[in-house]
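Asks: Have a look at this fold, sequence not included:
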């Protein structure tokens, strides 16, 4: 099988475990294929954790789960130096749960800023510094953080600097009635001990896919379209008076870089070697919804980030 076939097989296996969230699964794979991190936002019980566990089950990878709580310490995430008097070198590094392939940061906004920041270096630099020493992460490394959008009591909202480290912010919604029936049936079958013994895919498949995605062509027109969309978040007054009222601050260049990466991954998954405007539009909400800061007027008018991005797409011409 080709690398693309392997990735499609991986996607199919996960969709069999997580019913009704095909779009979320596809975009988690897009983030994995582009070496990015994902923020999953949704109400409890909508398969955020199950999606990550299913990915780890079907890909030959280690999974660590960190339950973020107000009393968590940075060393609980990164690890710490341990004193061992009988050893020649009396201090040795005990790695924390961040040293894994897939890291599930559950309810990340439950922990204070100092703990949240412990993830920053690992997410961006793929390394952790403890006691003056630098420790490299695994070649395959991805943080998947979850948060509850409605429960705000006792939470610490992620600062913009950390939000910008996430390649994508995915919003998980309720399943349809038909899909919910399938979910109930799936859980019923799992409770009977039905097991899937298919071998996990090798990590090398991911690395091969990344090489292939790097070769996907992005025309000048597609690159300009990406840059124009990001620029419109910064200077909305050039495009629409209403947009100018709704947007206070736009996306950083990470927005354009992320949109370029994700568009190439979508094109590759579709079996093409070039990016189209539809690829860009397919990923733009997930890439930009956490990178634009809305105004008070937008909040009063109940204009969420997705609605603002919809308006941006209407006024930004396709190059």
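Replies: Perfect, I can see it now. Every value quoted in this text rests on a predicted model; they were computed, and no experiment measured them. Numbers count the residues shown, from 1 in each chain.
Asks: Residue 100 touches residue 56, doesn't it?
Replies: No - at 9.2 Å, residue 100 and residue 56 do not qualify as touching, with contact defined as CB atoms under 8 Å. Placement of C-beta: from N, CA and C, glycine included.
Asks: Spit out the residues that contact these two alike.
Replies: Residues touching both residue 100 and residue 56 (CB atoms under 8 Å, 6 or more residues apart in numbering): 62, 63.
Asks: Start and end of stretch 32-42, how far apart?
Replies: 20 Å (CA to CA, to the nearest Å).
Asks: how far is it from where the chain is centred?
Replies: 1 Å (CA atoms, centre = their mean, to the nearest Å).
Asks: What of stretch 17-35?
Replies: Centre-to-centre, stretch 17-35 and its host chain are 9 Å apart (CA atoms, centre = their mean).
Asks: any weak-confidence spans in the protein?
Replies: 1, 87-89, 151-154, 194-196, 319 (pLDDT under 70).
Asks: Could you check which helix or strand contains the residue of it most remote from its centre?
Replies: What lies farthest from the middle of the chain is residue 86; by CA atoms, centre = their mean that is 43.3 Å. Under the criterion DSSP states H and E, no helix or strand holds residue 86.
Asks: Got phi/psi on the residue nearest the centre of the chain?
Replies: The chain has residue 38 as the residue nearest its centroid, 1.2 Å off, counting by CA atoms, centre = their mean. Main-chain dihedrals, residue 38, degrees, to the nearest 10: phi -130, psi 140.
Asks: Next one: the nearest residue to residue 294 once chain neighbours are set aside from residue 302, what distance?
Replies: For residue 294, ignoring the flanking residues on the chain, the nearest one in space by CB to CB, 6 or more residues apart in numbering is residue 246 at 6.0 Å. In this view, residue 246 and residue 302 are 11 Å apart by CB to CB, to the nearest Å.
Asks: quick one: which of these two has more around it?
Replies: Comparing residue 246 with residue 302 by other CB atoms under 10 Å, the one with more neighbours is residue 246, at 23 against 7.
Asks: so what's that one up against?
Replies: Contacts for residue 246 (CB under 8 Å, 6+ apart) come out as 236, 294, 295, 297, 298, 301, 303, 308, 311.
Asks: With neighbour count as extra columns, can I get those residues in CSV?
Replies: Shown next, in CSV, are these (neighbours: other CB atoms under 10 Å):
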residue, neighbour count
236, 23
294, 18
295, 16
297, 14
298, 21
301, 14
303, 20
308, 23
311, 18
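Asks: For these, name the two members farthest from one another.
Replies: Pairwise distances across the contacts of residue 246 (CB to CB) peak at 14.4 Å, for the pair 236 and 301.
Asks: tell me the phi and psi of residue 248?
Replies: phi -90, psi -50.
Asks: right, and it touches residue 295 too?
Replies: Yes - applying CB under 8 Å as the test, residue 248 and residue 295 come out as touching, 4.7 Å apart.
Asks: Strands of the stretch 1-150 of the chain, residue ranges please.
Replies: 38-42, 63-67, 79-83, 91-95, 102-106, 127-130, 133-136, 142-147 (DSSP state E, counting those that start in this stretch).
Asks: any chance of those strands in JSON lines, plus distance to residue 206?
Replies: Formatted as JSON lines, the strands of the stretch 1-150 of the chain follow (distance: least, CB to CB, whole Å):
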{"stretch": "strand 38-42", "distance to residue 206": "15"}
{"stretch": "strand 63-67", "distance to residue 206": "15"}
{"stretch": "strand 79-83", "distance to residue 206": "25"}
{"stretch": "strand 91-95", "distance to residue 206": "22"}
{"stretch": "strand 102-106", "distance to residue 206": "11"}
{"stretch": "strand 127-130", "distance to residue 206": "20"}
{"stretch": "strand 133-136", "distance to residue 206": "18"}
{"stretch": "strand 142-147", "distance to residue 206": "10"}
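Asks: Which of the ones you listed sits closest to residue 166?
Replies: With CB to CB as the criterion, residue 166 lies closest to strand 38-42 of these, at 4.4 Å.
Asks: can you pull the buried residues of that closest one?
Replies: 38, 39, 40, 41, 42 (16 or more other CB atoms under 10 Å).
Asks: Report all helices and strands that it contacts.
Replies: Contacts defined by 3 or more CB pairs under 8 Å, 6 or more residues apart in numbering; DSSP states H and E place strand 38-42 against helix 22-33, helix 48-58, strand 142-147, strand 168-172.
Asks: and the angle from it to helix 22-33?
Replies: Interaxial angle, strand 38-42 versus helix 22-33 (axes from the mean of the first three to the mean of the last three CA atoms, to 10 degrees): 160 degrees.
Asks: Against residue 286, how distant is residue 221?
Replies: Taking CB to CB as the measure, residue 221 falls 22 Å from residue 286.
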